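[1] Give me coordinates for this.
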Amino acid sequence: MKTAIITSNTSTNHLTGIGHPEQPDRVTAVIAKLKQNKKLIWEKSSKFDVKYLNITHSEDYILDVKKSFPNNGLKFLDGDTIISPGSKRATIDAVGSIISAIDGIENKKFNKAFCAVRPPGHHAEKNKAMGFCIYNNIAVGAKFLINKYKYNKIAIIDFDVHHGNGTQDIFYENSKVLYISTHQYPYYPGTGNNNEKGKYNNILNIPLPAGTNSDEYLNAYNYVIKKLIEFKPEFVMFSAGFDAHKDDPLAQLNLNSKDFYEITKRTILATQQFSKGKVVSILEGGYDLAALSESVNEHVNALLEFN
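    All right, here's what the predicted structure looks like:
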């Protein structure tokens, strides 16, 4: 089976202003790097039934977001979440990318997919935008898997350096979704204590101190693997943030680009007997362009290798 890269023509139209770390160049750099790999297949984000957005976020929140997009200039949804006129389509197409990825896997066009889109999503709660995130892309994907394809065991592994408070918020009382996060702690957004376990013991937070190196991180990742094997996921999803890289300007973990290959490989090997190798991944953070593109490439190489 093949690995697909899902992109959107509108990702670069989401403008955040000069000096903001979440820039259009992030996806441009990632796509330029991945284009060098001739084994990948390329797909575009497609339209989807908005009911899947409505069962992930509240209707009032979705309406507020729709009314917020400016006709010109920039607008703040919170202190660091900024939207522009082009954000209106980009946010929908980012959600659409994960829907396209799932449909492609279920229709056996490919077995794994990485969505190279923006804005990111894992900080967006049911009723709230924050942390550069507007809609929670991966959460909509998980709801889609449950409602359209009737999955009962979905694992979301979030290796972004920041805790995915939004994804945890949305699935805290959902026994069908296991949410696992490794993240720097204490750090933005302040959530992600290991006492936050979910109603059904379906949340696993692994808080890591600033300065954590590759060996320390991968040792801690053994807890992720153990939890995944216990859960036996039918479908695996990655909230793939690459800001735990040592060169990233927004955090203080010390991973190398190759570590993202190792994280991905270990996860797939641990879960493929349960999931038949079905994996969808979507870009979250990562703000040093060289480190980001190298790390994404390592992540995608593992998706390809263990197809």
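
[2] give me the low-pLDDT residue ranges for the protein?
    By pLDDT under 70, the chain contains no weakly predicted segment.

[3] which stretches of it form helices?
    With helices called from DSSP state H, the chain shows them at 25-34, 51-54, 59-68, 87-106, 137-147, 165-171, 214-231, 257-275, 289-305.

[4] Distance to residue 155 and mean neighbour count added to these, as CSV?
    (C-beta placed from N, C-alpha, C; glycine too.) Shown next, in CSV, are the helices of the chain (distance: least, CB to CB, whole Å; neighbours: other CB atoms under 10 Å):
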stretch, distance to residue 155, mean neighbour count
helix 25-34, 24, 19
helix 51-54, 19, 18
helix 59-68, 26, 13
helix 87-106, 14, 24
helix 137-147, 9, 26
helix 165-171, 11, 25
helix 214-231, 6, 15
helix 257-275, 7, 19
helix 289-305, 15, 21
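
[5] Please tabulate the ones you listed in a markdown table and include distance to residue 117 as additional columns.
    Formatted as a markdown table, the helices of the chain follow (distance: least, CB to CB, whole Å):
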| stretch | distance to residue 117 |
| --- | --- |
| helix 25-34 | 7 |
| helix 51-54 | 15 |
| helix 59-68 | 17 |
| helix 87-106 | 4 |
| helix 137-147 | 8 |
| helix 165-171 | 16 |
| helix 214-231 | 25 |
| helix 257-275 | 18 |
| helix 289-305 | 12 |
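
[6] looking at the ones you listed, which is closest to residue 127?
    helix 59-68 (4.7 Å; CB to CB).

[7] list the helices and strands the closest one packs on?
    The contact analysis (3 or more CB pairs under 8 Å, 6 or more residues apart in numbering; DSSP states H and E) places helix 59-68 against no helix or strand.

[8] Nearest residue to residue 76 in space, ignoring adjacent ones along the chain?
    residue 82 (5.7 Å; CB to CB, 6 or more residues apart in numbering).

[9] wouldn't the one you found be in contact with residue 74 here?
    Yes - between residue 82 and residue 74 there is a contact under CB atoms under 8 Å: 5.3 Å.

[10] Which one's more surrounded, those two?
    Each of residue 82 and residue 74 has its neighbours counted (other CB atoms under 10 Å); residue 82 has more, 20 against 14.

[11] if we can go back for a sec, which residues do residue 82 and residue 74 both contact?
    Common contacts of residue 82 and residue 74, defined by CB atoms under 8 Å, 6 or more residues apart in numbering, comprise 15, 16, 17.

[12] Give me the most central residue, the protein.
    Taking CA atoms, centre = their mean, the centroid of the chain lies closest to residue 239, which sits 2.5 Å from it.

[13] ok, and what's touching stretch 198-207?
    163, 168, 171-175, 177-186, 192-194, 196-197, 220-221, 223-224, 227.

[14] buried sites along it?
    198, 202, 203, 204, 205, 206, 207 (16 or more other CB atoms under 10 Å).

[15] Take the residues you listed and write them to JSON lines, including distance to residue 33.
    Below are these laid out as JSON lines (distance: CB to CB, whole Å):
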{"residue": "198", "distance to residue 33": "36"}
{"residue": "202", "distance to residue 33": "35"}
{"residue": "203", "distance to residue 33": "33"}
{"residue": "204", "distance to residue 33": "31"}
{"residue": "205", "distance to residue 33": "31"}
{"residue": "206", "distance to residue 33": "28"}
{"residue": "207", "distance to residue 33": "31"}
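
[16] Which members of those occur in strands, if any?
    Secondary structure from DSSP state E places 203, 204, 205, 206, 207 of the buried residues of stretch 198-207 in strands.

[17] related to what we said a few turns ago, dump the shared contacts of residue 82 and residue 74 into CSV; add distance to residue 269 as well.
    Listed next are the shared contacts of residue 82 and residue 74 as CSV, based on distance: CB to CB, whole Å:
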residue, distance to residue 269
15, 40
16, 37
17, 42
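
[18] and of those, the nearest to residue 250?
    residue 16 (13.9 Å).

[19] ok, now which ones touch the closest residue to the closest one other than its chain neighbours?
    Once flanking residues are discounted, residue 16 sits nearest to residue 82: 4.5 Å by CB to CB, 6+ apart. Neighbouring residues of residue 82 by CB under 8 Å, 6+ apart: 15, 16, 17, 20, 74, 75, 76.

[20] now residue 279
    111, 112, 113, 236, 237, 238, 268, 303.

[21] now do residue 217
    182, 208, 244, 253, 255, 259.

[22] do you know how far the nearest residue to the fourth one once chain neighbours are set aside is from residue 291?
    Just to be clear, that refers to residue 253. Nearest residue to residue 253, sequence neighbours excluded (CB to CB, 6+ apart): residue 244, at 4.1 Å. Going from residue 244 to residue 291 by CB to CB, to the nearest Å gives 10 Å.
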